[in-house]
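Visitor: Sequence plus predicted model, see below.
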Amino acid sequence: MDALFILSNSPGELSGWMGPVTREVAKRSPGLPVTAVTLPCPYASGREAQCARAMPGVEEALSLRAAMGRAGGGGKKLILQLGGDPMYGCALSMKLRAPWMIYSARPRWRGRVSHYFIPDEGARRRFEAAGVAAERYSVVGNLILDSLPEDAAAAPSELRGRCGSGGEELISFMPGSRPFEYELGFGFYSECARILRRAYPRWQAIFPVAPTVDEATLRAGLDKTGLAWRGGERVEEVVIDDGYSVPLVREGQYSAIAASSLAVAFPGTNNLQIAALGVPLFMIAPLNQAQNIPLDGLPGAIPSDAPGLGRLKKRLVFWYNAREKFVSLPNRIAGQGLLPERRELMTPESACRYIGELIESPERRSEIVRGYGSLDLRRGAAERIAERLCRYFDA
């Protein structure tokens, strides 16, 4: 039996990359079995497999170890890697004796990869400079853009009425999709919402929630900060004070963001999604607990709970931070500061000083949105990738 294995790792890649591709594959080849393979990753939420099983066309979701046991059997096999360490895709390719395609901006593992799907012209120049033959790669565009529903910005007034009084301006606080982010992120942003509500009563805060957020971890974070919440099996709103609460948006998250006059987010996939929705974004990266921030490669194996090693990891995080000119995806893609980003030791009070400046300056918010015009925000990457994948099985 034919089989397509799609590998991915963390929440952003799962929802921003794998979801759009499985949807397009299901449209083109409804009978093609798709196996989602979750990879080891320091950013994982623990709910990747559960979310992958709900995607169109996905027949099963396996760990890498389980997928490695699938050797043998008839039919064609193909591996597509969407995020994660390439060594995992290489290992599975060798085990299954199957071609390996990868979505990447860099020409790594050239001796093993059958075909590269690359996001933009900047990546193309990188591949050309590395001497990769043109037939071995395709410029498909940025997959993240296909993760947005096409009608996400269709009815902003309806969303404003649902989340506020209709006369209020919405501000979306994005607590993130990785456990280390949202465990404390809801508490941090709740305090921001409290401060801003007193200073700017016409602004209503909302929390769009990523589908990979684990409910127990969310509640544990709220308990740590002493915040009350309302809801049944899941948290529906966080109680701030004086009868004011912040709703958690569980359905129609992108529409809620699109209805907002400002978004505040940690670095991640949602930064480019927010830009594509035309919403001014302020990116923050509080470094107060830098030792808990996951790192790639060998530094990621350093335990943060050991006193000496925790201090080492904290220094590494600050060192990496100082090396990077930009962290937010729109800024990195453009190579310039389209939107403001702050990466520093930060309190809710200091964050609100920056946020307040944006609230008080519609001109600055408009300038941010105009800057998005320098980005290529066209959709279609998932369709182009799916077309080549299905062509392989149809040949």
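Guide: Arrived safely.

Visitor: Make sure R342 is indeed in a strand.
Guide: Yes - under DSSP: H, G, I helix; E, B strand; the rest coil, R342 sits within a strand.

Visitor: Run a quick neighbour tally on the closest residue in space to A334 that isn't next to it in sequence.
Guide: Counting by C-beta to C-beta, 6 or more residues apart in numbering, S374 is the residue found nearest to A334 once chain neighbours are left out, at 5.4 Å. (Each C-beta comes from the backbone N, C-alpha and C, glycine too.) The local packing of S374 (other C-beta atoms under 10 Å) involves 13 other residues.

Visitor: how long is stretch 359-376 from one end to the other?
Guide: The first residue of stretch 359-376 is 27 Å away from its last residue (C-alpha to C-alpha, to the nearest Å).

Visitor: Give me the distance from that stretch to the chain's centre.
Guide: Relative to its parent chain, stretch 359-376 has a centroid offset of 22 Å by C-alpha atoms, centre = their mean, to the nearest Å.

Visitor: least trustworthy helix or strand in the chain by mean pLDDT?
Guide: Lowest on mean pLDDT, DSSP states H and E among the helices and strands of the chain sits helix 156-163, with a mean of 58.

Visitor: so which helix or strand takes in the residue of the chain most remote from its centre?
Guide: Relative to the average C-alpha location in the chain, and by C-alpha atoms, centre = their mean, no residue lies farther out than G74, which sits at 35.8 Å. According to DSSP states H and E, G74 maps onto no helix or strand at all.

Visitor: same deal with L170?
Guide: Secondary-structure assignment from DSSP H and E places L170 in strand 169-174.

Visitor: Give me the helices and strands touching that strand, please.
Guide: Contacts defined by 3 or more C-beta pairs under 8 Å, 6 or more residues apart in numbering; DSSP states H and E place strand 169-174 against helix 156-163, helix 179-199, strand 203-208, helix 253-258, strand 262-265, helix 269-276, helix 348-359.

Visitor: Which of these sits closest to L227?
Guide: Shortest distance between L227 and the helices and strands packed on strand 169-174, using C-beta to C-beta, is found for helix 179-199: 5.6 Å.

Visitor: Remind me what the closest one packs against, helices and strands.
Guide: On a contact count with 3+ C-beta pairs under 8 Å, 6+ apart, helix 179-199 meets strand 169-174, strand 203-208, helix 215-224, strand 235-241, strand 244-249, helix 348-359.

Visitor: Give me the buried positions along the helix or strand just after the third one.
Guide: Counting by DSSP H and E, the next helix or strand C-terminal to helix 215-224 is strand 228-231. For strand 228-231, the buried set under the neighbour-count rule, 16 or more other C-beta atoms under 10 Å, comprises W229.

Visitor: could I have strand 228-231 exported to PDB, CA atoms only?
Guide: Output of strand 228-231 as PDB, limited to C-alpha atoms (Å, rounded to 0.1, in the frame of the first residue of the first chain):
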ATOM      1  CA  ALA A 228      -9.300  33.000  39.100                       C
ATOM      2  CA  TRP A 229     -11.000  31.700  36.000                       C
ATOM      3  CA  ARG A 230     -14.500  30.700  34.800                       C
ATOM      4  CA  GLY A 231     -15.400  27.700  32.700                       C
END
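
Visitor: what is the mean pLDDT for stretch 224-244?
Guide: Stretch 224-244 comes out with an average pLDDT of 87.

Visitor: which of the residues in it are buried?
Guide: With burial defined by 16+ other C-beta under 10 Å, the residues of stretch 224-244 counted as buried are L227, W229, V235, V238, I240.

Visitor: shaky segments in the stretch 251-395 of the chain?
Guide: Across the stretch 251-395 of the chain, the ranges flagged by pLDDT under 70 are 290-306, 310.

Visitor: Any idea which of the helices and strands packed on helix 179-199 gets closest to T22?
Guide: Proximity to T22 (C-beta to C-beta) singles out strand 203-208 among those, at 22.2 Å.

Visitor: Between helix 179-199 and the closest one, find me the angle.
Guide: Taking axes from the mean of the first three to the mean of the last three C-alpha atoms, to 10 degrees, one finds that strand 203-208 is oriented at 170 degrees with respect to helix 179-199.

Visitor: May I have the secondary structure class of A105?
Guide: Three-state secondary structure (criterion: three-state DSSP) places A105 in coil.

Visitor: so it touches Y116, yeah?
Guide: No - in this structure, A105 is not within contact of Y116 by C-beta atoms under 8 Å, at 9.1 Å.

Visitor: and these two? which has more neighbours close in?
Guide: Higher neighbour count among A105 and Y116: Y116, with 23 against 17, using other C-beta under 10 Å.

Visitor: what are the bridge partners for the more buried one, then?
Guide: Y116 has the following beta-bridge partners by DSSP bridges: I102, Y137.

Visitor: got the contact list for it?
Guide: Counting by C-beta atoms under 8 Å, 6 or more residues apart in numbering, Y116 makes contact with M101, I102, Y103, S104, P107, F127, V132, R136, Y137, S138.

Visitor: Please pick the buried ones from the residues you listed.
Guide: The neighbour count (16+ other C-beta under 10 Å) marks M101, I102, Y103, S104, P107, F127, V132, Y137, S138 as buried among these.

Visitor: List just the nearest of the residues you listed to A220.
Guide: Y103 (33.7 Å).

Visitor: so how far is P11 from the closest one?
Guide: Y103 sits 16 Å away from P11, going by C-beta to C-beta, to the nearest Å.

Visitor: Also E121?
Guide: Remark: distance between E121 and P11 (C-beta to C-beta) = 28 Å.

Visitor: next one: M101
Guide: Taking C-beta to C-beta, one finds M101 at 22 Å from P11.

Visitor: before we move on, what about K224?
Guide: Distance, K224 to P11, by C-beta to C-beta: 21 Å.

Visitor: Please identify the most buried of the helices and strands packed on strand 169-174.
Guide: Of the helices and strands packed on strand 169-174, the one with the most neighbours on average (mean count of other C-beta atoms under 10 Å) is helix 269-276, at a mean of 27.

Visitor: Tabulate the CA atom coordinates of that helix in CSV.
Guide: Taking Å, rounded to 0.1, in the frame of the first residue of the first chain, the C-alpha atoms of helix 269-276 are listed here in CSV:
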residue,chain,number,x,y,z
THR,A,269,4.5,31.3,13.7
ASN,A,270,1.7,33.5,14.7
ASN,A,271,3.8,36.6,14.1
LEU,A,272,3.6,36.1,10.3
GLN,A,273,-0.1,35.1,10.6
ILE,A,274,-0.8,38.3,12.4
ALA,A,275,1.0,40.3,9.7
ALA,A,276,-0.9,38.5,6.9
